[in-house]
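here's my sequence, what's the structure:
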Amino acid sequence: MIKKSFSAFGLLLLGVLSQAQEIKFEEYDLPNGMHVILHQDNKAPVVTTAVMYHVGAKDEIANRTGFAHFFEHLLFEGTPNIKRGEWMKIVGANGGSNNANTSDDRTYYYETFPSNNLQLGLWMESERLRHPVINQIGVDTQNEVVKEEKRLRVDNQPYGNIMKAIKTGLFKKHPYKSTTIGEMEDLDSATLEEFKTFFKKYYVPNNATLVVAGDINPAETKKMIETYFAGIPKGEPIVRNFPQEDPITKESVLTFTDPNIQLPAYLYTYRTPGNKTRDSKVLDLVSSYLSTGKSSVLYKKLVDEEKKALEVQAINLGQEDYSVFAFFTIPLGTTTEATLRADIDAEVKKLQTTLISEEDFQKLQNQFENQFVNANSSIQGIAGSLATYHVLQGDTNLINKEIEIYRNITREDIREAAKKYLNSNQRVIVNYLPEKK
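Take a look at the predicted model:
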């Protein structure tokens, strides 16, 4: 929604940004079920080859958590044609970069090369999918790597178990109740055959989306994709039937302790709809209005003006099946949890009963215009967006259309979302406290 009082220059700028953001792409399926997305951009001689597998922490079974994240590491161990320890060396020697990441919903691998090495990127990803080496040496090695990562990023990190605390409170049935990194005892007790079974089930062409973006010739790229991927056998159909959560109808309180902190944190958490829904996008605007930037409502009030909090955030964490809306705050001085809760609740109450100002609303729209442009300002960013929109939202063209959804959200929508999802009887309060010595 464009405010009529915008300057002519502002309107022109938004028009230019909108045009610049139109991402042209082509998509099709291979006979083995692999989905392929091609985006041609010949402005710079680089190309990103990426594969997103629709497998994440939510696909793990009880007492075997952490498998999806573990495979993020394990599938760099090598193949019959790529010796152990050579993956990164090959990428670097050919002027490229690569990485991988895992969430509760998917696992993503990519390489970015000079465009004359497109064939190398396709070959490497086909090798990873076709016949990775999964043996006890690799499992033992990567187990230690994952343990060190967990120690560094979670166990020894101040507030490192915040997500575990949130998930424990909000999810009782759905596998979102486990963390992405998982529990180390589950990985320790897993057998080599269990890892091989997990790979065979989820790392198959019909559970994968291949994106090639950048300086490409589409016809030639299709031929290479046919050569490297079409012969990989299709896997068994994957059926997901996760248990649904019961609505939260009564406020509850959980307490977690952390040996790495000196100041407590308090969280007010709500289970909200998955990110395919329009309401999830409305809640993105709600969270930004409340706490994005130093001029946002909660930061300005609790941190800047009244000096009650050292930190305050409102976060909408969108996921495929459910999302999480959470307030996070660290008190300053003698401020009590009850005081912070009352102040946050007061601002939520205003949202539920009063429309935000036109000025604040336009600022929100500008923020999301900028985020949309920045997310797709590089070939790597475009590749990731194309894969994500297809795999997790079922519509690749949201890379072009999603901004229109945000533009069409109204002030009334923001009020109604706050009224529908952010009530005290729908939340879990988490007291995240220093561990007593």
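
separation between the nearest residue to V46 once chain neighbours are set aside and W123?
Nearest non-adjacent residue to V46, counting by C-beta to C-beta, 6 or more residues apart in numbering: G214, 5.2 Å away. Backbone N, C-alpha and C define where each C-beta goes, glycine included. From G214 over to W123 the distance is 17 Å, taken as C-beta to C-beta, to the nearest Å.

neighbour-wise, which of the two wins?
Using other C-beta atoms under 10 Å, the more surrounded residue of G214 and W123 is G214, with 28 against 19.

please name the bridge partners of the more buried one.
Under DSSP bridges, the beta-bridge partners of G214 are Q40, V47.

my read: Q393 touches G274, true?
No - under the criterion of C-beta atoms under 8 Å, Q393 makes no contact with G274, lying 9.3 Å away.

these two touch, right, the residue nearest to V46 and A50?
No - G214 sits out of contact with A50 when judged by C-beta under 8 Å, with a separation of 10.6 Å.

what is in contact with these two at once?
A383 (C-beta atoms under 8 Å, 6 or more residues apart in numbering).

for the spatially most central residue of the chain, give me its contacts.
The centroid of the chain falls nearest to S103 when counting by C-alpha atoms, centre = their mean (6.0 Å). Contact partners of S103, counting by C-beta under 8 Å, 6+ apart, are G56, A57, T180, Q319.

can you pull the pLDDT of the second one?
A57 is assigned a predicted lDDT (pLDDT) of 97.

can you check the last one too?
According to the model's per-residue confidence, Q319 sits at a pLDDT of 96.

quick one: it and R153, what's the gap?
For Q319 relative to R153 (C-beta to C-beta), the value is 19 Å.

these two: who's more crowded?
A count of neighbours by other C-beta under 10 Å puts Q319 above the other of Q319 and R153, at 19 against 11.

how much space separates that one from G333?
Q319 is 35 Å from G333, by C-beta to C-beta.

then T396?
Counting by C-beta to C-beta - T396 and G333 are separated by 50 Å.

residues contacting M124?
Here M124 is in contact with T49, I82, W87, I90, V91, E111 (C-beta under 8 Å, 6+ apart).

let's go with 7 Å and repeat that
E111 (C-beta atoms under 7 Å, 6 or more residues apart in numbering).

off-centre distance for the helix or strand encompassing it?
Using DSSP states H and E, M124 sits in helix 118-130. Here helix 118-130 is found 24 Å from its chain centre; the criterion is C-alpha atoms, centre = their mean, to the nearest Å.

now swap in stretch 376-388 and tell me
So, by C-alpha atoms, centre = their mean, the centroid of stretch 376-388 is 13 Å from its chain's centroid.

quick one: buried residues of it?
N376, S378, I379, Q380, I382, A383, G384, S385, L386, A387, T388 (16 or more other C-beta atoms under 10 Å).

ok, stretch 253-261 next?
L254, F256, D258, I261.

so T209, which state does it fall into?
strand (DSSP: H, G, I helix; E, B strand; the rest coil).

so what's the gap between stretch 312-325 and the chain middle?
10 Å.

contacts for it, please.
Residues contacting stretch 312-325 (C-beta under 7 Å, 6+ apart): 104-105, 166, 170, 174, 176, 242, 245, 269-275, 280, 283-284, 286-287, 290-291, 298-299, 302-303, 326-329, 392, 421-422.

same deal with stretch 160-169?
In contact with stretch 160-169 (C-beta under 7 Å, 6+ apart) are residues 153-154, 176-179, 254, 256, 258, 260, 267, 269, 324, 326, 428, 430, 432.

cutoff 8 Å now
So stretch 160-169 is in contact with 153-155, 176-180, 252, 254, 256, 258, 260, 265, 267, 269, 324, 326, 328, 428, 430, 432, going by C-beta under 8 Å, 6+ apart.

of those residues, keep whichever come out buried.
154, 176-180, 254, 256, 258, 265, 267, 269, 324, 326, 328, 428, 430, 432.

inside strands: which ones of those residues?
L254, F256, D258, A265, L267, T269, V324, A326, F328, V428, V430, Y432 (DSSP state E).
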